[in-house]
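> Got a predicted structure plus its sequence, pasted below:
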Amino acid sequence: MKIYRAKDYNDMSRKAANIISAQVIMKPGCVLGLATGSTPIGAYRQLVEWYKKGDLDFSEVTTVNLDEYRGLTRENDQSYYYFMNENLFDHINIDKSRTFLPDGMEADSDKACRDYNEIIQSVGGVDLQLLGLGHNGHIGFNEPGIAFETETHCVNLTERTIKANMRFFPAEKDVPRQAYTMGIKTIMSAKKILVVVSGEDKADIVKEAFFGPVTPAVPASILQLHNDVIVVADEAALAKCSDTADDK
Ligand code: F6R
């Protein structure tokens with residue numbers, strides 16, 4: 001695991017965008033695994049800027065996202081499908097028929113998960129998987145306690161997550177109760193993994209996840225066992241790790 005120290009959020013975003021760009025340049029037909037959440041937004045913005053300058057070409061790229069809420073239409077502005085279009089796909093020359101997310105409107109959850117595993121397989125697996133890090137160490141919607149061998153599966157959102165999400169919806173009843181997510185096994189199958197982390201509120205979990213024991217209680221800790229992981233974190237997120245600028 002390599003840990004790169006960035007000055008601040010903007011620096012983290014630029015460094016992460018550089019790594020994603022390098023992947024796209026070296027393998028124009030690559031498969032990018034993408035994430036939503038607030039942390040990657042700056043990197044997506046940077047990629048769009050470089051694309052507009054003519055430095056990047058996404059025409060042959062395929063993407064598979066980590067997760068999607070169950071029961072939200074693609075038009076719902078809280079769906080991850082909507083998020084990806086708004087923050088990235090609408091602004092670059094990607095072929096949208098090659099941008100994949102779990103089908104949140106598939107009511108048969110076994111089918112939704114099976115289909116998504118098949119899509120990931122059929123595109124040849126993920127070359128570079130981008131991840132954010134949850135405050136409790138989750139990656140995707142893989143919450144503490146999840147078995148490391150899982151592939152795409154359906155998760156029940158915790159009461160805490162439902163309450164936290166309430167502010168984005170008209171009423172509590174509209175907040176999704178479940179989501180489809182790549183499992184830890186799916187994530188660990190990516191050839192390369194890039195984790196972005198920013199802010200002092202993540203300092204404790206960065207230390208636990210990347211310097212603590214590998215345990216299902218901290219799902220991201222499994223990344224220590226992957227042979228090609230880059231963490232790009234800003235100084236605030238690295239505040240509790242003493243010696244971090246290099247290889248771990
Ligand atoms: C996003 C995802 C989540 C987030 C994590 C961090 O697709 O699956 O695991 O990466 O919750 O979120 P932010 O970046 O908002 O702190």
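Good, I have the coordinates. Residues are numbered from 1 along each chain as shown.
> Helices of this structure, residue ranges please.
Applying DSSP state H to the chain gives helices spanning 9-26, 41-52, 80-87, 109-122, 159-165, 184-188, 203-211.
> Which one of those lies nearest to the ligand?
Closest to the ligand of the helices of the chain is helix 80-87 (Cβ to the nearest ligand atom; 6.4 Å). For every residue, glycine as well, the C-beta is placed using N, CA and C.
> and the residue in the chain that the ligand sits nearest to, what is it in contact with?
With Cβ to the nearest ligand atom, the shortest gap between the chain and the ligand falls at G132, namely 2.5 Å. Contact partners of G132, counting by Cβ atoms under 8 Å, 6 or more residues apart in numbering, are 35-40, 139, 195-197.
> Within reach of the ligand, which of these are there?
Among those, the residues lying close to the ligand (Cβ under 6 Å from any ligand atom) are 35-39, 139.
> Mind picking the two most distant members of those residues?
S38 and I139 (15.2 Å; Cβ to Cβ).
> okay, the helices of the chain in CSV with mean neighbour count next?
Listed next are the helices of the chain as CSV, based on neighbours: other Cβ atoms under 10 Å:
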stretch, mean neighbour count
helix 9-26, 18
helix 41-52, 19
helix 80-87, 19
helix 109-122, 16
helix 159-165, 13
helix 184-188, 22
helix 203-211, 20
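> follow-up on the earlier one: list just the nearest of the contacts of G132 to V232.
Closest to V232, out of all of these and judged by Cβ to Cβ, is V196, at 5.4 Å.
> which residues are contacting stretch 106-123?
Counting by Cβ under 8 Å, 6+ apart, residues outside stretch 106-123 touching it are 31, 62, 64, 70, 98, 100, 102-104, 126, 151-154, 178, 180, 182, 186.
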